[in-house]
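Visitor: have a look; sequence and predicted model below, questions after that.
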Amino acid sequence: MSDNTAILLQAMRMGDQLPPEIVNYMYENGAFLLFLGFPSASEFGIDYKSWKTGEKFMGLKMIPPGVHFVYCSIKSSPRIGFFHNFKAGEIVVKKWNKQEETFEDEKIDESEIPAKRRQLKSMDNSLAPYPYENYRSWYGLTDFITPETVDRVHPICGRITAQAELVSLETEFMENAEKEQEESSIRSRVDRENPVRTRFVDQHGLPIMKIREGYEIRFQEIPQLTASQSRIGIEYSDRLYRLLRGLGGDYKQLLAEMQIAFVCFLIGQVFEGFEQWKRIIHLLCCCPNSFGSEKQLFMAFVRVLFFQLKECPTDFFVDIVSRDNFLTTTLSMLFANISESAHAGEDLKKKSEQFKQYLSKQFKWDFNCN
């Protein structure tokens, strides 16, 4: 935890309104985001808060150093956004591309920074302050996410969008072939004289689509567990260990990916974030033999999931999570595995039981019927 984060969390314990000395401190040490040319009466947000923009809107000020998620939407279109690790005093500039209806980076040379900083005073009335009333909630949702997590997971194109840039496999194949100057070879395989050529279509004859390269969120590949596999007795610790090795042996990066996937879905409205979140939960609920060797992981996993469910809107469960009842199914398995495990310590069993009681009381979930 950085000094700035510690100062802010301490200040937030006093109430939602920051003391004047903290406001002054954050103006000097917080980051600035200039978002130029963005249309008025559009949605703009950071972390857990969004607004409708006015005509004078030019960005944000006093952003706490650390990883944040910025997003926007025009004309009720799907949200587009990005994660960024804001540094103390940093000035980030984005400009709106009206034709493409998206944002672009505007690079600032080191020599331009002093001039940009002098301009901030004149732009002050057009810069919205960071919503500190939501900072504690945001920190609780993202405390494992690091700049390294963002670099590893973020799309290469620089944007996370709820409306994916799709391309058919056949189009991608042809584009790649053209890049490699293999047109003559392609024609010999896909012309009218070759009716049995391989086509990139599904069983209904529809083109198979995928997210265009560079636009996908680069989630770690995780073994997918089906509902039929989610029952007591399933053991996938070997897969967990392989996954952790792929993350450099750092369990915190697995939890960071769980957090970033959740934010992508809850705030970015990207369904693939929900699918990755489910995959991680399913896997961790199927590893009873790891409770001893990965005690810190499972203790932290329970805490991370607690904060995520605590921050969810009530209708989130009605519309999405409870649709296939995956949480009650998989968490029933987790609670039973921990309770019956010879590897789980008393502290993990106690934390698990407290979490189970919280969910039963808060959401009326019955974990004894699954």
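Guide: In hand now; what should we look at? Numbers count the residues shown, from 1 in each chain.
Visitor: and this protein, what are its domains?
Guide: 3-143, 166-211, 227-363 (automatic domain parsing).
Visitor: tabulate those (TSV), appending mean pLDDT, distance to Val153 and mean neighbour count.
Guide: For glycine as for every other residue, the C-beta is placed from the backbone atoms N, C-alpha and C. Listed next are the domains of the chain as TSV, based on pLDDT from 0 to 100; distance: least, Cβ to Cβ, whole Å; neighbours: other Cβ atoms under 10 Å:
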stretch	mean pLDDT	distance to Val153	mean neighbour count
domain 3-143	89	8	16
domain 166-211	55	14	12
domain 227-363	88	6	17
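Visitor: make JSON lines out of these and add distance to Arg152.
Guide: Output for those, formatted as JSON lines (distance: least, Cβ to Cβ, whole Å):
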{"stretch": "domain 3-143", "distance to Arg152": "11"}
{"stretch": "domain 166-211", "distance to Arg152": "17"}
{"stretch": "domain 227-363", "distance to Arg152": "8"}
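Visitor: Ser360 falls within a helix, correct?
Guide: Yes - Ser360: assigned to a helix according to DSSP: H, G, I helix; E, B strand; the rest coil.
Visitor: now the strands for this protein?
Guide: For the chain, the strands defined by DSSP state E cover 31-36, 43-46, 49-52, 59-63, 66-73, 80-86, 91-97, 102-105, 127-129, 160-161, 166-168, 209-211.
Visitor: would you put the C-alpha positions of the second one in PDB?
Guide: What that stands for is strand 43-46. Output of strand 43-46 as PDB, limited to C-alpha atoms (Å, rounded to 0.1, in the frame of the first residue of the first chain):
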ATOM      1  CA  GLU A  43     -21.700   9.100 -19.800                       C
ATOM      2  CA  PHE A  44     -18.300   9.400 -18.300                       C
ATOM      3  CA  GLY A  45     -17.000   7.500 -15.300                       C
ATOM      4  CA  ILE A  46     -14.100   6.300 -13.300                       C
END
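Visitor: which neighbouring elements make contact with it?
Guide: Judged by 3 or more Cβ pairs under 8 Å, 6 or more residues apart in numbering; DSSP states H and E, strand 43-46 is in contact with strand 49-52, strand 66-73.
Visitor: go again using 6 Å as the cut-off
Guide: Applying 3 or more Cβ pairs under 6 Å, 6 or more residues apart in numbering; DSSP states H and E, we find strand 43-46 packed against strand 66-73.
Visitor: which residues touch the strand it packs on?
Guide: 43-47, 79, 81-83, 85-86, 145, 150, 263, 267 (Cβ atoms under 6 Å, 6 or more residues apart in numbering).
Visitor: now do 7 Å
Guide: Residues outside strand 66-73 that contact it (Cβ atoms under 7 Å, 6 or more residues apart in numbering): 2, 5, 33, 38, 42-47, 79-86, 142, 145, 147, 150, 263, 267-268.
Visitor: ranges for the helices of the stretch 201-350 of the chain?
Guide: All helices of the stretch 201-350 of the chain, identified by DSSP state H, counting those that start in this stretch, fall at 237-246, 251-266, 271-284, 295-311, 314-319, 326-340, 346-363.
Visitor: between those, which one is nearest to Ser122?
Guide: Proximity to Ser122 (Cβ to Cβ) singles out helix 251-266 among the helices of the stretch 201-350 of the chain, at 33.6 Å.
Visitor: what about stretch 71-91, start to end distance?
Guide: End-to-end distance for stretch 71-91, by Cα to Cα, to the nearest Å: 17 Å.
Visitor: mind checking how far the closest residue to Thr146 other than its chain neighbours is from Asp109?
Guide: Leaving out its chain neighbours, the residue that sits closest to Thr146 by Cβ to Cβ, 6 or more residues apart in numbering is Ala256, at 6.3 Å. Taking Cβ to Cβ, to the nearest Å as the measure, Ala256 and Asp109 are separated by 32 Å.
Visitor: go on, Ser293?
Guide: Plainly put, Ser293 is 50 Å away from Asp109 if you go by Cβ to Cβ.
Visitor: ok, now which ones touch Val150?
Guide: For Val150, the contacting residues are 67, 83, 85, by Cβ under 7 Å, 6+ apart.
Visitor: ok, back up a step: would you list the helices of the stretch 201-350 of the chain in CSV and tack on distance to Asn134?
Guide: Output for the helices of the stretch 201-350 of the chain, formatted as CSV (distance: least, Cβ to Cβ, whole Å):
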stretch, distance to Asn134
helix 237-246, 32
helix 251-266, 13
helix 271-284, 19
helix 295-311, 10
helix 314-319, 17
helix 326-340, 24
helix 346-363, 21
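Visitor: residue contacts, the closest residue in space to Gln276 that isn't next to it in sequence?
Guide: Of all residues beyond its chain neighbours, the one nearest Gln276 is Ala261 (4.0 Å), with distances taken as Cβ to Cβ, 6+ apart. Counting by Cβ under 7 Å, 6+ apart, Ala261 touches 219, 273, 276-277, 280.
Visitor: could you do Leu331 as well?
Guide: Going by Cβ under 7 Å, 6+ apart, Leu331 touches 285, 367.
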